[in-house]
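Student: Got a predicted model here, sequence first, then my questions.
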Amino acid sequence: MKLLIAIVQDEDAGELMQKLTKSGFQFTKLATTGGFLRAGNTTLIIGLEDERLKEAISCIESICKSRKQLITPPIMGGAGEVYLSYPMEVTIGGATIFVLDMEQLIKI
Amino acid sequence: MKLLIAIVQDEDAGELMQKLTKSGFQFTKLATTGGFLRAGNTTLIIGLEDERLKEAISCIESICKSRKQLITPPIMGGAGEVYLSYPMEVTIGGATIFVLDMEQLIKI
Amino acid sequence: MKLLIAIVQDEDAGELMQKLTKSGFQFTKLATTGGFLRAGNTTLIIGLEDERLKEAISCIESICKSRKQLITPPIMGGAGEVYLSYPMEVTIGGATIFVLDMEQLIKI
Ligand code: NI
Ligand code: NI
Ligand code: NI
């Protein structure tokens, strides 16, 4: 069996958990804060059979793949000043997955 | 050596940690929220010698085994209305344990 | 590859994360509370190549090694009472590192 530790962005976590549940994967969500990835990450621990490893990784990939997004930064100005705000392209998403071999998964 | 990741219900966590400490197991508590188990779970990381694996699992089992409990739901009523509340049987407890082989446990 | 789960004291976590980043290690910080170590711990998950294991452990050791510190407890007194507070030597620092073999580290 395999144990995956998947670190994903908070904004992808809800959708990913829905997809994992639908696909019959078992997981637990840990509260996380970012390290080399910026703050706002969610860590999932996923236990699965060896033969479903590729499927689990595709599942995470389909939801969490990094993509470009246009954001319009908020306008900040002092008294009487006006700043124009232009849309900016930012990269969001991405995930880091640690794959470990697991000896047993025990349910009590 | 083995590393156990044990996900237990919050209401069992205190008693389990006492028992693990008394039995000389070393563990760390992580803050967790539920995934496939309902919210309100605690995750413990436990490091142990191979030969104590059965004992550790029995220890968790003895505290966390799922059991029936009678709860009396709170009465909710609007103005002038009366609702009778009957005791209901619910299942509580249970645990998921991921068993991994660990290469080293280093103390600094 | 190796996966390290390192449990360090909160007061060492910031400096350790800086050093790990500078040394090119990849890690994620989990929110943790103490078990056998007292409350106030931080858990880091670090993924690395086998050949950098010693270096990673030295890195943690250099920041987190336990050491003596003098603290002066705050003076507590009731109305009209005076208590003298003397510096006390306490041991701080220390770390527990779980070393696991990791099959893959996948970045999406
Ligand atoms: Ni396996
Ligand atoms: Ni072993
Ligand atoms: Ni390896």
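Tutor: Perfect, I can see it now. Ligands and ions are numbered 1, 2, ... in the order given.
Student: which bits of chain A sit near chain B?
Tutor: For chain A, the residues in contact with chain B (C-beta under 8 Å from any C-beta of the partner chain) are A:3, A:17, A:21, A:26-31, A:44-45, A:47, A:100-108. To be clear about C-beta, it is placed using only N, CA and C from the backbone, and glycine gets the same treatment.
Student: Just these: which are in helices?
Tutor: A:Met17, A:Thr21 (DSSP state H).
Student: Could you list which of the residues of chain A next to chain B also contact ligand 1?
Tutor: A:Asp101 (C-beta under 5 Å from the ion).
Student: So among the residues of chain A next to chain B, which ones count as buried?
Tutor: Buried members of the residues of chain A next to chain B, counted by 16 or more other C-beta atoms under 10 Å in any protein chain shown: A:3, A:17, A:26-30, A:44-45, A:47, A:100, A:102, A:105, A:108.
Student: Now render those residues as JSON lines, adding pLDDT and distance to C:Glu61.
Tutor: Putting these into JSON lines (pLDDT from 0 to 100; distance: C-beta to C-beta, whole Å) gives the following:
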{"residue": "A:Leu3", "pLDDT": "97", "distance to C:Glu61": "27"}
{"residue": "A:Met17", "pLDDT": "95", "distance to C:Glu61": "37"}
{"residue": "A:Gln26", "pLDDT": "90", "distance to C:Glu61": "36"}
{"residue": "A:Phe27", "pLDDT": "90", "distance to C:Glu61": "33"}
{"residue": "A:Thr28", "pLDDT": "86", "distance to C:Glu61": "31"}
{"residue": "A:Lys29", "pLDDT": "84", "distance to C:Glu61": "32"}
{"residue": "A:Leu30", "pLDDT": "80", "distance to C:Glu61": "26"}
{"residue": "A:Leu44", "pLDDT": "92", "distance to C:Glu61": "30"}
{"residue": "A:Ile45", "pLDDT": "92", "distance to C:Glu61": "27"}
{"residue": "A:Gly47", "pLDDT": "94", "distance to C:Glu61": "32"}
{"residue": "A:Leu100", "pLDDT": "97", "distance to C:Glu61": "24"}
{"residue": "A:Met102", "pLDDT": "96", "distance to C:Glu61": "29"}
{"residue": "A:Leu105", "pLDDT": "92", "distance to C:Glu61": "33"}
{"residue": "A:Ile108", "pLDDT": "91", "distance to C:Glu61": "37"}
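Student: ok, which pair from these is furthest apart?
Tutor: Across those, the longest distance by C-beta to C-beta is 22.8 Å; it joins A:Met17 and A:Ile108.
Student: what's the weakest-modelled helix or strand in chain A?
Tutor: Lowest mean confidence among the helices and strands of chain A (mean pLDDT, DSSP states H and E): strand A:26-33, at a mean of 76.
Student: Let me see the contact set for A:Pro73.
Tutor: A:Ser85, A:Met88 (C-beta atoms under 8 Å, 6 or more residues apart in numbering or on different chains).
Student: Give me the secondary structure label for it.
Tutor: Using DSSP: H, G, I helix; E, B strand; the rest coil, the structure places A:Pro73 in coil.
Student: Report how far apart the opening and closing residues of stretch A:44-56 are.
Tutor: Start-to-end span of stretch A:44-56 (C-alpha to C-alpha, to the nearest Å) is 12 Å.
Student: roughly how far is it from the heart of the chain?
Tutor: Taking C-alpha atoms, centre = their mean, to the nearest Å, the mean C-alpha location of stretch A:44-56 is offset from the chain mean by 16 Å.
Student: Going by residue numbers, what spans are strands in chain A?
Tutor: Along chain A, counting by DSSP state E, strands occupy A:2-9, A:26-33, A:41-48, A:67-71, A:88-92, A:95-101, A:104-107.
Student: what's the angle between the fifth one and strand A:2-9?
Tutor: Using axes from the mean of the first three to the mean of the last three C-alpha atoms, to 10 degrees, the inter-axis angle of strand A:88-92 relative to strand A:2-9 is 160 degrees.
Student: Give me the contact status of strand A:88-92 with chain C.
Tutor: No - figure legend: strand A:88-92 not in contact with chain C (C-beta under 8 Å from any C-beta); closest approach 12.4 Å.
Student: which non-adjacent residue is nearest the residue in chain A that ligand 2 sits nearest to?
Tutor: Closest residue of chain A to ligand 2, C-beta to the ion: A:Glu103 (9.1 Å). With sequence-adjacent residues excluded and distances taken as C-beta to C-beta, 6 or more residues apart in numbering or on different chains, A:Glu103 is closest to B:Val99, at 4.6 Å.
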